[in-house]
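Asks: Okay, predicted coordinates and the sequence, questions at the end:
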There are 2 protein chains.
Amino acid sequence: MALVVMKFGGTSVGDAERMRTVADYIARTVRRGNQVVVAVSAMGKETDELLHLAAQVSNTHPGREMDMLITAGERKAMALLCMALHDIGIESASFTGSQAGIITDCEHTKAKILEVRADRVREALAAGQVAVVGGAQGVSTDREVTFLGRGGTDTTAVALARALDADSCEIYTDVSGVFTADPRVVPEARRLKRLSFEEMLEMCAAGCPKPAMRSVEFARNHQVRLHVRSAFTWEPGTWIEEEDPEVEQAIISAVTSDSSEAKVTVAGVPDHPGVAARLFRALADRSINVDMIEQNVSLAGTTDISFTVPREDLKTACETAEGLKVEIEAREVLADPDIATVSLIGAGMKTHPGISATMFETLANEGINIEMISTSSIRLTCVVRAELVDKAVVSLHRAFKLEGE
Amino acid sequence: MALVVMKFGGTSVGDAERMRTVADYIARTVRRGNQVVVAVSAMGKETDELLHLAAQVSNTHPGREMDMLITAGERKAMALLCMALHDIGIESASFTGSQAGIITDCEHTKAKILEVRADRVREALAAGQVAVVGGAQGVSTDREVTFLGRGGTDTTAVALARALDADSCEIYTDVSGVFTADPRVVPEARRLKRLSFEEMLEMCAAGCPKPAMRSVEFARNHQVRLHVRSAFTWEPGTWIEEEDPEVEQAIISAVTSDSSEAKVTVAGVPDHPGVAARLFRALADRSINVDMIEQNVSLAGTTDISFTVPREDLKTACETAEGLKVEIEAREVLADPDIATVSLIGAGMKTHPGISATMFETLANEGINIEMISTSSIRLTCVVRAELVDKAVVSLHRAFKLEGE
């Protein structure tokens, strides 16, 4: 008898029919002799609707009350899923994050799990029930209801899998796994059978939307194997697990892209110590998450500093830089919203030289100019014009022969 | 400094604007130097929408999960109300029934309050906050989330008022108090300044829709004065309190009507012991709430038994009676959905003879036939044709001069 933790996202339980489809699948899993714990998100767009309601009622959104509001979404979903299970003869019980013993810190709207005291979940399993836990929620050490943030249901699932020593943690979503590239961009993209935690984390950072990065970090830190798969086709998906040193790594696993960032260039600053520190401290003070940073070679005693930020922070970032213009003696601040990043991810990259040369040649052959470059041991990222990013992904996918088995 | 418990129903907080209006009123009350505890219902028709969703997802509705689902409604409302309060500078904290220490029995969907351990509410008040409690919910002695049933927010308010020894318990609703008759039927109906618990209970039983009968029972049992008033006009409403023996009672306080019942007649049953017992036991076994019962004088050894039931139970009641027809030797079972009741309520009635005579004469003068009669010490109820009930209310209101001050 295996213990399976299953996570179902909002799209997977988006309406009454989807809810019954998911219940049917859980029932089949139970009838094959498995114990099942479910972590479920709010239905469809409900979280967005609750946020909209909050915006209508109030201009201020105290974290404690936002969490109380938002967690109503998962509460509805988990109760409805239990009803659907009951309808087809499967005993189950729903649990709020608090009831499931998900203990968090006190950081409302983005709480972190400190501990899982899953006694009630264990009791339910022992009584032959499916335990359905509301995703992305917990109770703080101050006894307050907390929300783990967007994508938090993945984290709930991983934390439960860890606490219960589950045999697998299955992340059911609206895609059928992790692909070598976005299949909308590269029709011949291939679903990956397995991927290391590190590769998955780099892919998350480089624009791959699922699973949630935090849950992959948590899974890596606690050695919980993840199976990312589809709640629509139900076929086996992608396993995300510890890298096996015995198995030879694929050199390149995937090509990803991210069009959510924008570039700022602070041009003509004197090339002396402290300028960059002053600039990035000011950005950090305004909670702007800077991703890539590049500084040009100094010419005639001045240099240009370019960096990327989430596009929604572009205005604030430019204002911050403009505010420092006199102090840091910059010539000008240039905003460029029309960029995108393209990244190669591969655990085998670190032992294979020449990957970057092939990447740059491939882009050059397509006439795609590289504006910034950033690397890690298993990732290579280039900033290109936004309108060329799909072309870059397609050409790199082909150049590294990712379509083959 | 007074401690005020305020209850706001679903219509009172039906949308974002109403939510802000209620917050503004609470803020004024706080700024006048009062401590405030709020019990709030789910917004508008949300409870109905949740029930509809449950019906879409599942045919079976286990009580535990229904309660988990339904209580999401008040959870949203209480969090949003706190945000609206925060917006205008009033410190507040929302509490689920469980957090507010509302301990109930384990009867899901209609739990009863056993005890209120309002420590967290007291702490919030001591910290200068408004405590906003989700209505109609609690936590059972089995640690499960429970729902108190429709109208349960009134009960939550009364229970909190009792536990906190509040100075008043204000039931804010969409009517401006309790009237001598339904103002839609009798335009000259007058708002009552005060009413005894007993009169209010009889009015609830005789068709007056607000406040919820259970909360009035709870208030009477625990001596909590209620103030039923409007969340739209904010004017003083009706006080419901212990009868003051020093004050002379109004003979008649109000005329109410109820069109939600239907009549069943089991005709031609032998007039011997056990027949009625057999019939009403069978109805009770099917959970049919019989209200009035009348048995005719025996003629030629047979009699007719008439009784009223909620109209939605009419079919089941008739089937039950039909099923017993042979056994109890009844001639026939007659269903009559087109009845209504008209009632006179008045604590002074018990010391004033002749009220029933005046009631019957008034109805007779209007050509209204009385089909059944039921009485208590402070209520007189007649069954009449449904289409004549408004006429009956108007004529009785005039006959007993209820329009005068």
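Replies: Cool, the structure landed.

Asks: use CA for all of it now, contacts and neighbours both
Replies: Noted.

Asks: I'd like the distance from the lengthiest helix in chain A to the chain centre, please.
Replies: If you go by DSSP state H, chain A has its longest helix at helix A:63-87. The chain centroid and the centroid of helix A:63-87 are separated by 22 Å under C-alpha atoms, centre = their mean, to the nearest Å.

Asks: how big is the angle separating that helix from helix B:63-87?
Replies: Here helix A:63-87 runs at an angle of 160 degrees relative to helix B:63-87 (axes from the mean of the first three to the mean of the last three C-alpha atoms, to 10 degrees).

Asks: same question for helix A:63-87, mean pLDDT?
Replies: Mean pLDDT, helix A:63-87: 97.

Asks: quick one: is it near chain B?
Replies: Yes. Judged by C-alpha under 8 Å from any C-alpha of the partner chain, helix A:63-87 comes into contact with chain B at A:65-66, A:68-70, A:72-73, A:75-77, A:79-80, A:82-84, A:86-87.

Asks: Who are the packing partners of the helix or strand just after that helix?
Replies: Following helix A:63-87 in sequence order, the next helix or strand is strand A:92-95 (DSSP states H and E). Counting contacts by 3 or more C-alpha pairs under 8 Å, 6 or more residues apart in numbering or on different chains; DSSP states H and E, strand A:92-95 packs against helix A:63-87, helix A:119-126, strand A:130-134, helix B:63-87.

Asks: Just put these in CSV and tack on distance to A:Y172 and mean neighbour count.
Replies: Listed next are those as CSV, based on distance: least, C-alpha to C-alpha, whole Å; neighbours: other C-alpha atoms under 10 Å in any protein chain shown:
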stretch, distance to A:Y172, mean neighbour count
helix A:63-87, 15, 27
helix A:119-126, 20, 16
strand A:130-134, 14, 28
helix B:63-87, 23, 27
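
Asks: need these in JSON lines with distance to A:R214, can you?
Replies: Listed next are the helices and strands packed on strand A:92-95 as JSON lines, based on distance: least, C-alpha to C-alpha, whole Å:
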{"stretch": "helix A:63-87", "distance to A:R214": "19"}
{"stretch": "helix A:119-126", "distance to A:R214": "23"}
{"stretch": "strand A:130-134", "distance to A:R214": "18"}
{"stretch": "helix B:63-87", "distance to A:R214": "27"}
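
Asks: Let me know how buried A:G14 is, in neighbour terms.
Replies: A:G14 has 17 neighbouring residues, counting by other C-alpha atoms under 10 Å in any protein chain shown.

Asks: What separation is there between it and chain B?
Replies: Per C-alpha to the nearest C-alpha, to the nearest Å, A:G14 is found 11 Å from chain B.

Asks: likewise A:A166?
Replies: In terms of C-alpha to the nearest C-alpha, A:A166 sits 25 Å off from chain B.

Asks: Apart from its neighbours in sequence, what residue is nearest that residue?
Replies: A:L3 (5.0 Å; C-alpha to C-alpha, 6 or more residues apart in numbering or on different chains).

Asks: surely that neighbour meets A:D167?
Replies: Yes. Using C-alpha atoms under 8 Å, A:L3 is in contact with A:D167, at 5.4 Å.

Asks: Which one of these two is surrounded by more residues?
Replies: A:L3 (19 against 16).

Asks: OK, contacts around the more buried one?
Replies: Applying C-alpha atoms under 8 Å, 6 or more residues apart in numbering or on different chains, we find A:L3 in contact with A:34-37, A:166-168.

Asks: Make sure A:L80 is actually in contact with B:E65.
Replies: Yes. Counting by C-alpha under 8 Å, A:L80 touches B:E65, with 7.2 Å between them.

Asks: What parts of the stretch 301-405 of chain A come near chain B?
Replies: Residues of the stretch 301-405 of chain A lying near chain B (C-alpha under 8 Å from any C-alpha): none found.

Asks: can you give me the strands in the stretch 301-405 of chain A?
Replies: Under the criterion DSSP state E, counting those that start in this stretch, strands of the stretch 301-405 of chain A are mapped to A:302-310, A:332-336, A:339-345, A:372-376, A:379-385.

Asks: Tabulate these in JSON lines, adding columns for mean neighbour count and mean pLDDT.
Replies: Shown next, in JSON lines, are those (neighbours: other C-alpha atoms under 10 Å in any protein chain shown; pLDDT from 0 to 100):
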{"stretch": "strand A:302-310", "mean neighbour count": "20", "mean pLDDT": "91"}
{"stretch": "strand A:332-336", "mean neighbour count": "16", "mean pLDDT": "94"}
{"stretch": "strand A:339-345", "mean neighbour count": "26", "mean pLDDT": "95"}
{"stretch": "strand A:372-376", "mean neighbour count": "15", "mean pLDDT": "88"}
{"stretch": "strand A:379-385", "mean neighbour count": "22", "mean pLDDT": "93"}
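
Asks: Would you mind telling me which of the ones you listed is nearest A:L195?
Replies: strand A:339-345 (10.4 Å; C-alpha to C-alpha).

Asks: sorry, back to before: of all the strands of the stretch 301-405 of chain A, which one is nearest B:G135?
Replies: strand A:302-310 (41.7 Å).

Asks: so what does that closest one touch, helix or strand wise?
Replies: strand A:261-270, strand A:293-295.

Asks: And the contacts of the shortest one?
Replies: Residues outside strand A:293-295 that contact it (C-alpha under 8 Å, 6+ apart): A:303-308, A:372-373.

Asks: Nearest to chain B among those residues?
Replies: In terms of C-alpha to the nearest C-alpha, no member of those lies closer to chain B than A:T308, at 34.5 Å.

Asks: Which residue is the nearest non-sequential neighbour of that closest one?
Replies: Per C-alpha to C-alpha, 6+ apart, closest to A:T308 is A:K263, 4.4 Å.

Asks: And the helices in the stretch 201-350 of chain A?
Replies: Applying DSSP state H, counting those that start in this stretch to the stretch 201-350 of chain A gives helices spanning A:213-221, A:275-285, A:314-328.

Asks: closest to A:V269 out of those?
Replies: Short answer: helix A:314-328, nearest of the helices of the stretch 201-350 of chain A by C-alpha to C-alpha, at 6.7 Å.

Asks: sorry, back to before: what residues are bridge-paired with the residue nearest to A:T308?
Replies: Using DSSP bridges, the beta-bridge partners of A:K263 come out as A:T308, A:D336.

Asks: Neighbours of it, how many?
Replies: 27.

Asks: What are the buried residues along the helix or strand bottoming out on mean pLDDT in chain A?
Replies: The helix or strand of chain A with the poorest confidence is strand A:293-295; it has a mean of 85 (mean pLDDT, DSSP states H and E). Across strand A:293-295, burial judged by 16 or more other C-alpha atoms under 10 Å in any protein chain shown covers A:293, A:295.

Asks: and it, which strands flank it?
Replies: Applying DSSP bridges, one finds strand A:293-295 paired with strand A:302-310 (antiparallel).

Asks: A:A317 contacts A:I288, doesn't it?
Replies: Yes. A:A317 lies in contact with A:I288 (C-alpha under 8 Å); the separation is 7.1 Å.

Asks: Give me the common contacts of those two.
Replies: By C-alpha under 8 Å, 6+ apart, A:A317 and A:I288 have these common neighbours: A:V309.

Asks: which one of those two has more residues nearby?
Replies: Neighbours were counted for A:A317 and for A:I288 using other C-alpha under 10 Å; A:A317 has more, 30 against 18.
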